[in-house]
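J.: from the sequence below, what's the structure:
(4 chains)
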There are 2 protein chains.
Amino acid sequence: MSQPLLPLLSTAPVERRDAARNRVALLEAAAELMGGCGVEVLTMEAVAAKAGVGKGTVFRRFGSREGLMASLLDHREAEWQAGVISGPAPLGPGAPPMERLLAFGASRLRLHLDQAALIEAAGRTWGENPAVLGFAALHVRILLGELGVTGNLRYLATALIAPLSVPILRQQIGHGSMTEAEVLAGWEELVRRVAPQDGVIT
Amino acid sequence: MSQPLLPLLSTAPVERRDAARNRVALLEAAAELMGGCGVEVLTMEAVAAKAGVGKGTVFRRFGSREGLMASLLDHREAEWQAGVISGPAPLGPGAPPMERLLAFGASRLRLHLDQAALIEAAGRTWGENPAVLGFAALHVRILLGELGVTGNLRYLATALIAPLSVPILRQQIGHGSMTEAEVLAGWEELVRRVAPQDGVIT
DNA sequence: AATGAAAGCGGACCACGGTCCGTTTCAGCC
DNA sequence: GGCTGAAACGGACCGTGGTCCGCTTTCATT
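T.: As a prediction, this is how the structure comes out:
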């Protein structure tokens, strides 16, 4: 009974106890190590030592340093996705599409700024994960559809998400000397042009 | 008297001969090493050896591996910027703003795809260089102005450039299975929504 | 030409990401 | 419980990015 009733599609060949124990130990060690400091303290050896395992184990679990960073991001991302799928409006369902879209942008902006260092450290492992960018793109695409926007929604969705990426945000807030509020206002302006509510442009 | 008559603003304290010789030798060595192969062959030690200098010299010149990559990109970027400033239309001056803007997108897209590996290897050193993103943003901003677009042009400009960034392009072309032409068409659609031309051009 | 000082050079050295393989631990089965 | 194969472990090992400091080169001045 410890297994799900429908393991037919289960691609995971059951994780061994020690492996599971070590995974959570490693994640906890990493989180604790990073408390207060930057990501640069997250040395693979340091994490391994803190968790009381060998260095090879860390690589076995997470594949690479980037993989470890991505795993650290997974928790928050999962929470965020849950908020989108079934959380309170306006981020979650129940609000009009445009409100949800704007809430999406604000929420995603916040998330990216909060986790900027980790996201950069995770590199492609995070950025190219379809479960991350793909989810956001799909969500925006659906909202655009609900708004009655016509055209290449797939492209427009990624185009709306692109300016929320960490490098762009740092460029705007760091070098461009914009405030977070100004960036958000700019994004909302962009959204209103892409998805005009008063009559639709072909 | 060997100094310029008005060195007041000169921030470059004159480069020594050997330094200049080594710089070009290193850049040539790097370019030659990369011929045909990927960026991963560009080891700092390999480049140094090929150029016949010590490893320390490479770091002195370029600061880091990312810095070396950025320097390798500089040539192409300078050519491209020259093309925008004074090259033939429609990328250069002379064409209507919308044509120039679309030419900008197509050209930038090409450039980014061509140099994708190098750009990624250069990391922040390239991506956060104001002379790169800043130039493109300023150009787009000016074109938007000429098109009569109102609003926060500074933000809209960066928002139009964001979806042309390498990570987004690879997401679309790699995972999203779009073609380069489809991406370009999508971008043009985005542009037309941000800069609607009331009853003009197709 | 001699000289002095500053800029440049080079390669030994260090830290960290990543690999490898002999050893240990787990879990399913008798 | 004892066996067995497979999965996981651990830490020695390697390559590469990056630093450091004593030595060399350049160049302006005399």
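J.: need the contact list for the nearest residue to A:His139 once chain neighbours are set aside.
T.: In space, and not counting its chain neighbours, A:His139 is closest to A:Val84: 5.9 Å by CB to CB, 6 or more residues apart in numbering or on different chains. All C-beta spots, glycine's among them, are computed from the backbone N, C-alpha and C. Residues in contact with A:Val84 (CB atoms under 8 Å, 6 or more residues apart in numbering or on different chains) are A:91-92, A:104, A:107, A:135, A:139.
J.: what about 10 Å?
T.: Residues near A:Val84 by CB atoms under 10 Å, 6 or more residues apart in numbering or on different chains: A:91-93, A:100, A:103-104, A:107-108, A:135-136, A:139.
J.: farthest-separated two in the residues you listed?
T.: Greatest spacing in those, by CB to CB: A:Pro93 and A:Arg108 (16.8 Å).
J.: more neighbours: which of those two?
T.: Set A:Pro93 next to A:Arg108 and count neighbours by other CB atoms under 10 Å in any protein chain shown: A:Arg108 wins out with 21 against 12.
J.: and the helices in chain A?
T.: Assigned by DSSP state H, the helices in chain A fall at A:17-34, A:44-51, A:55-62, A:65-86, A:97-114, A:116-122, A:124-127, A:135-146, A:153-161, A:166-170, A:180-194.
J.: TSV for those, including distance to DNA strand D and mean pLDDT?
T.: Converted to TSV, those look like this (distance: least, CB to the nearest atom of the strand, whole Å; pLDDT from 0 to 100):
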stretch	distance to DNA strand D	mean pLDDT
helix A:17-34	4	95
helix A:44-51	7	97
helix A:55-62	2	97
helix A:65-86	12	97
helix A:97-114	24	98
helix A:116-122	14	97
helix A:124-127	17	92
helix A:135-146	27	98
helix A:153-161	30	98
helix A:166-170	18	96
helix A:180-194	29	97
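J.: quick check: closest non-adjacent residue to the most centrally placed residue in chain A.
T.: Among the residues of chain A, the one closest to the centroid is A:Glu77, at 4.5 Å (CA atoms, centre = their mean). Spatial nearest neighbour of A:Glu77, chain neighbours left out: A:Val132 (6.2 Å); criterion: CB to CB, 6+ apart.
J.: ok, that neighbour touching A:Arg124?
T.: No - look at A:Val132 against A:Arg124 with CB atoms under 10 Å: they stay out of range, at 11.2 Å.
J.: who has more neighbours, those two?
T.: Between A:Val132 and A:Arg124, counting by other CB under 10 Å, A:Val132 is the more crowded of the two (20 against 12).
J.: from DNA strand D, how far off is the more buried one?
T.: To DNA strand D, A:Val132 is 24 Å away according to CB to the nearest atom of the strand, to the nearest Å.
J.: show me the contacts for that residue.
T.: Shown in contact with A:Val132 (CB under 10 Å, 6+ apart): A:70, A:73-74, A:77, A:80-81, A:119, A:122, A:125-126.
J.: so what's A:Ala20 up against?
T.: By CB under 10 Å, 6+ apart, the contact list for A:Ala20 reads A:Val14.
J.: how much space separates the closest residue to A:Gln171 other than its chain neighbours from B:Glu77?
T.: Spatial nearest neighbour of A:Gln171, chain neighbours left out: B:Leu133 (5.7 Å); criterion: CB to CB, 6+ apart. Separation of B:Leu133 from B:Glu77 (CB to CB, to the nearest Å): 11 Å.
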